[in-house]
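Student: Turn this into a model:
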Amino acid sequence: MKKIAVIGGGIIGMTLANYLDSTKFTVTLYDDPLGQATKASAGIISPWLSKRRNRKWYRLAKEGAAFFPKLVADFHLDKTIYQQTGTLIVRPESALQELLNLAAERKKTAPEIGDIRLLKSDQTAKYLPLLKPQPTLYVTGGGRLDGQAYLAQLQLLAQQKGVRIRNEKATLKQKSAAWQVSTSTSEDLFDFIALTPGPKLKGLLANLGYSVDLRPQKGQLLVFKTDYIASETWPVAMLDGEADLIPFHKGKILIGATHENEAAWDLTPTRTAFEHLTKAATPFLNDAVALFAHPQYYQVGTRAYTADSTPFFGPLPELPQLVVASGLGSSGLTTGPYIGYQLARYFNTNSFDGTRYQKDLNQVISKDTSLINDIK
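Tutor: Numbers count the residues shown, from 1 in each chain. Sure, this is the predicted structure:
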């Protein structure tokens, strides 16, 4: 069998490793987990009402959201990992009708959005008691994903199918017709390589002579440990502003997340983040003082993002044996699993002539998407 190394064990790399054909490949996954965005993340899977003008991003996010039923079935994700809860969109009442029209239009190509309802103030409070009574838009297709729990489940499944997992920092260099992956304890040769290490991809590619538009971004979430026993039945809420409200099981309530470009690799939890997120959420909450009085902790990680906020993925044109993926930004929980699946399909079905599956991959996302347009 051929040997493949996946460098980066976040949401893309771990999904990719699990979808690779174990009858064709022996798989080794290298993961340096310090600062990994997925382990620090928990977020909303509900991209349909974004007003981003980036059509490439929306196509990818839409396909990523539509992929979740297959992901749940393939990897046995229970409700503590992923749950379709519905999404409340909180905006000024004057903007809700326009948002309703946008939802109806986008449902034509994204039926996964589910039912669309304008809620009155009392209905909003019934759906999510943490919110002040206020009109909202509700879509039933939205959901929430716990990034750390997702990785734990996929690591267990990967080990069961024979994937070797090494929690070490890895470096890469081309060696004749093979690829050498080195750590502080080992050197191994591989036929194929998948580079999925988030913002650390920039350094790996630089060693191969490539530059890439990729930057680290610090993200902080607040996690409140409450006694709200009904929290697992509540929808997520996309608030008007930077903060979102994400109820989980057993009274765990998340507010997040920050987007800190200057902090980059710094993983220190900050009081500034607490004040920023709680201030952003307070105007929409029924009793902010009571919620914020609960014990809390931070989840902090480093995302990878690009200048146009568009992820990139696929094989390097001159090196079809090597694929890269990064730049997910704050939409990683929505787009990451789908990207990992597509890269696994590339390896599982490709003849590695450098053209056939790359063309197919373009068609899956959109005919005008350039997979590696930022790498030179």
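
Student: got the contact list for residue 259?
Tutor: 217, 219, 242, 330 (CB atoms under 8 Å, 6 or more residues apart in numbering). (Glycine included, C-beta is placed from N, CA and C.)

Student: can you map out the helices along the stretch 1-150 of the chain?
Tutor: According to DSSP state H, counting those that start in this stretch, the stretch 1-150 of the chain carries its helices in the segments 11-19, 55-66, 68-75, 93-107, 121-127, 147-160.

Student: got the buried residues for the shortest one?
Tutor: In terms of neighbour count (16 or more other CB atoms under 10 Å), helix 121-127 has its buried residues at 124-125, 127.

Student: List just the nearest of those to residue 340.
Tutor: Nearest to residue 340, judged by CB to CB, of the buried residues of helix 121-127 is residue 127 at 32.5 Å.

Student: any idea how far residue 135 is from that closest one?
Tutor: 12 Å (CB to CB, to the nearest Å).

Student: Quick check: which of the helices of the stretch 1-150 of the chain is buried the most?
Tutor: helix 11-19 (a mean of 28; mean count of other CB atoms under 10 Å).

Student: what residues does it touch?
Tutor: With CB under 8 Å, 6+ apart as the contact definition, helix 11-19 has outside contacts at 6-7, 9, 27, 29, 31, 37-38, 71, 74-75, 147, 150-151, 154-155, 157-158, 161, 163, 194, 196-197, 313, 325, 328, 332-333, 336-337, 339-341, 343-345, 348.

Student: What count of nearby residues applies to residue 193?
Tutor: Here the count is done by other CB atoms under 10 Å, and residue 193 has 24 residues near it.

Student: Okay, now the unreliable bits of the stretch 151-300 of the chain?
Tutor: Judged by pLDDT under 70, the stretch 151-300 of the chain has no weakly predicted residues.

Student: ok so, going back, mind checking which of the contacts of helix 11-19 are buried?
Tutor: With neighbours counted using 16+ other CB under 10 Å, the contacts of helix 11-19 contain these buried positions: 6-7, 9, 27, 29, 31, 37-38, 71, 75, 147, 150-151, 154-155, 157-158, 163, 194, 196-197, 313, 325, 328, 332-333, 336-337, 339-341, 343-345.

Student: ok so, going back, any idea which of the buried residues of helix 121-127 is closest to residue 276?
Tutor: Out of the buried residues of helix 121-127, the one with the shortest distance to residue 276 is residue 124. That distance is 24.5 Å, counting by CB to CB.

Student: Spatially, and excluding backbone neighbours, which residue is closest to that closest one.
Tutor: If you skip the residues right next to it in sequence, residue 124 has residue 136 as its closest partner in space, 4.6 Å away by CB to CB, 6 or more residues apart in numbering.

Student: residues in contact with that neighbour?
Tutor: Shown in contact with residue 136 (CB under 8 Å, 6+ apart): 88-91, 96, 118-119, 124, 237.

Student: Nearest to residue 59 among these?
Tutor: Sorting those by how near they are to residue 59, with CB to CB, puts residue 89 at the top with 20.7 Å.

Student: partner residues bridging the nearest residue to that closest one once chain neighbours are set aside?
Tutor: In this structure, residue 89 finds its nearest non-sequential neighbour in residue 137, 4.4 Å apart by CB to CB, 6+ apart. Partner residues in beta bridges with residue 137: residue 89, residue 118, with DSSP bridges as the criterion.

Student: residue contacts, residue 137?
Tutor: Neighbouring residues of residue 137 by CB under 8 Å, 6+ apart: 49, 88-89, 91, 96, 99-100, 103, 116-119.

Student: Recalculate using a threshold of 6 Å.
Tutor: By CB atoms under 6 Å, 6 or more residues apart in numbering, residue 137 lies in contact with 89, 96, 99, 118.

Student: Any figure for the gap between the second one and residue 133?
Tutor: If you measure residue 96 against residue 133 using CB to CB, the figure is 15 Å.

Student: Repeat that for the first one.
Tutor: Residue 89 sits 16 Å away from residue 133 when distances are taken as CB to CB.

Student: Pick out whichever of those two has more residues nearby.
Tutor: In this view residue 89 and residue 133 are compared by other CB under 10 Å, and residue 89 has more residues nearby, 23 against 15.

Student: Next, work out how far apart that one and residue 247 are.
Tutor: The gap separating residue 89 from residue 247 is 15 Å, by CB to CB.

Student: Residue 167: neighbour count?
Tutor: Neighbourhood size, residue 167 [other CB under 10 Å]: 11.

Student: nearest spatial neighbour of it, skipping sequence neighbours?
Tutor: Excluding its sequence neighbours, the residue lying closest to residue 167 (CB to CB, 6+ apart) is residue 31, at 5.5 Å.

Student: just checking, the one you found touches residue 7?
Tutor: No. Distance between residue 31 and residue 7: 8.2 Å, which falls outside the contact criterion (CB atoms under 6 Å).

Student: returning to that earlier point: and the two most separated of the contacts of residue 136?
Tutor: Looking at the contacts of residue 136 by CB to CB, the two members farthest from one another are 118 and 237, with 15.2 Å of separation.

Student: ok, the two, which is more surrounded?
Tutor: Here residue 118 and residue 237 are compared on neighbour count by other CB under 10 Å; more neighbours surround residue 237, at 28 against 15.

Student: Show me what that one bridges to in the sheet.
Tutor: Taking DSSP bridges, one obtains residue 88, residue 245 as the residues bridged to residue 237.

Student: And it, how far from residue 39?
Tutor: As defined by CB to CB, residue 237 lies at a distance of 24 Å from residue 39.

Student: again, but for residue 186
Tutor: 24 Å.

Student: now swap in residue 272 and tell me
Tutor: Counting by CB to CB - residue 272 and residue 39 are separated by 22 Å.

Student: ok, those two, which is more surrounded?
Tutor: Each of residue 272 and residue 39 had its neighbours counted (other CB under 10 Å), and the higher figure belongs to residue 39 (20 against 12).
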